[in-house]
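**Q** Sequence first, predicted model second:
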Amino acid sequence: MQTTSRPVTSNQAGPHLRLAEVVARHAQQAFRKPLSVFGEQPFDQAINAWQRHGGALIIDAGCGVGWSTRKLAQQFPDAFVVGVDQSAHRLRRNTPWSGPALNNFITGRAELVDFWQRLALARIHPAQHYLLYPNPWPKKAQLQRRWHGHSIFPTLLSLGGYLECRSNWKIYIDEMALALTQLTGIEVHTEQWPVDPADALTPFEQKYAASGHTLWRCAIHLPQAD
């Protein structure tokens, strides 16, 4: 469920007809998956770095090459940003960064499902959480590969804080907004999100904005479950 720069080609014309059913089923069943040994070290490193720094915790979920992590760290200098991605290749890419030197972020390789479970078990509640241009999994049969259709979604929401999702595929954001509204009772709407390429948070967002793509987002201030 990593970010993707490919144009979305879909056989889906609107929000999935089974979205509400899938979201409701996942909300009724506690998510349980064995934690991976692989995920323990990057989680501990990230949380220890945050605790040493102090400040509010921001999660950049599916951070890709980490450019967005740096942009968020620059935008919120008093916070600490943790960028998480499953791809070691993406994290190792030497993406040019012309901004200032920053000491309030870390990036690490981990499966987000595992990372979110560990946050929930540790009762760590990020102040802000970003899902920036996740893989849209655009085929109808792929609903449960999208974050709002995945069984981890209620766990993600239980972490609380400000949650924002952006995509160039409106259906993804429409579905995310519907799922958020269904599970929280808070009305969430899709909004068009014009971006100046100079202010883009990710390399993909910068490309899309520069080429005139219409970009979309939804956002919510989540209550904490515990």
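**A** Here it is on my side, so go on. Numbers count the residues shown, from 1 in each chain.

**Q** So which residue is dead centre in the protein?
**A** L131 (2.1 Å; C-alpha atoms, centre = their mean).

**Q** where exactly do the strands run in the protein?
**A** Remark: strands assigned in the chain by DSSP state E are 57-61, 80-85, 105-109, 128-132, 161-167, 191-192, 216-222.

**Q** any chance of those in CSV, plus mean pLDDT and distance to S68?
**A** Every C-beta, even on glycine, is put in place using the N, C-alpha and C of the backbone. Output for the strands of the chain, formatted as CSV (pLDDT from 0 to 100; distance: least, C-beta to C-beta, whole Å):
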stretch, mean pLDDT, distance to S68
strand 57-61, 98, 5
strand 80-85, 97, 7
strand 105-109, 95, 10
strand 128-132, 98, 5
strand 161-167, 98, 10
strand 191-192, 98, 19
strand 216-222, 98, 14
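
**Q** Take those and lay them out in TSV including distance to T181.
**A** TSV is the format used below for the strands of the chain (distance: least, C-beta to C-beta, whole Å):
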stretch	distance to T181
strand 57-61	20
strand 80-85	26
strand 105-109	31
strand 128-132	16
strand 161-167	13
strand 191-192	14
strand 216-222	9
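
**Q** Mind checking those for the one nearest to T9?
**A** In terms of C-beta to C-beta, the element of the strands of the chain nearest to T9 is strand 161-167, at 14.3 Å.

**Q** Partner strands of that closest one and their direction?
**A** Sheet pairing of strand 161-167 (DSSP bridges) gives strand 128-132 (parallel), strand 216-222 (antiparallel).

**Q** Deepest in the core, which of the ones you listed is it.
**A** strand 128-132 (a mean of 23; mean count of other C-beta atoms under 10 Å).

**Q** got the angle between that one and strand 80-85?
**A** Angle of strand 128-132 versus strand 80-85, following axes from the mean of the first three to the mean of the last three C-alpha atoms, to 10 degrees, is 30 degrees.

**Q** Quick one: residues in contact with strand 128-132.
**A** The contact list for strand 128-132 (C-beta atoms under 8 Å, 6 or more residues apart in numbering) reads 3, 56-63, 68, 72, 76, 79, 147, 156, 159, 161-166, 176, 201-202, 205.

**Q** which residue ranges form the helices in the protein?
**A** 19-28, 37-53, 67-75, 88-92, 112-121, 153-158, 170-184, 203-210 (DSSP state H).

**Q** which one of the strands of the chain lies closest to T184?
**A** Nearest of these (C-beta to C-beta): strand 216-222, 6.6 Å.

**Q** quick one: the closest one to chain centroid distance?
**A** Offset of strand 216-222 from its chain centre (C-alpha atoms, centre = their mean, to the nearest Å): 11 Å.

**Q** Please save the CA atoms from it in PDB.
**A** Coordinates of the C-alpha atoms in strand 216-222 are reproduced here as PDB (Å, rounded to 0.1, in the frame of the first residue of the first chain):
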ATOM      1  CA  TRP A 216      -8.200  15.700  -3.400                       C
ATOM      2  CA  ARG A 217      -8.100  15.300   0.300                       C
ATOM      3  CA  CYS A 218     -10.100  14.700   3.400                       C
ATOM      4  CA  ALA A 219      -9.300  15.300   7.000                       C
ATOM      5  CA  ILE A 220     -10.700  14.700  10.500                       C
ATOM      6  CA  HIS A 221      -9.800  15.300  14.100                       C
ATOM      7  CA  LEU A 222     -10.300  11.900  15.700                       C
END
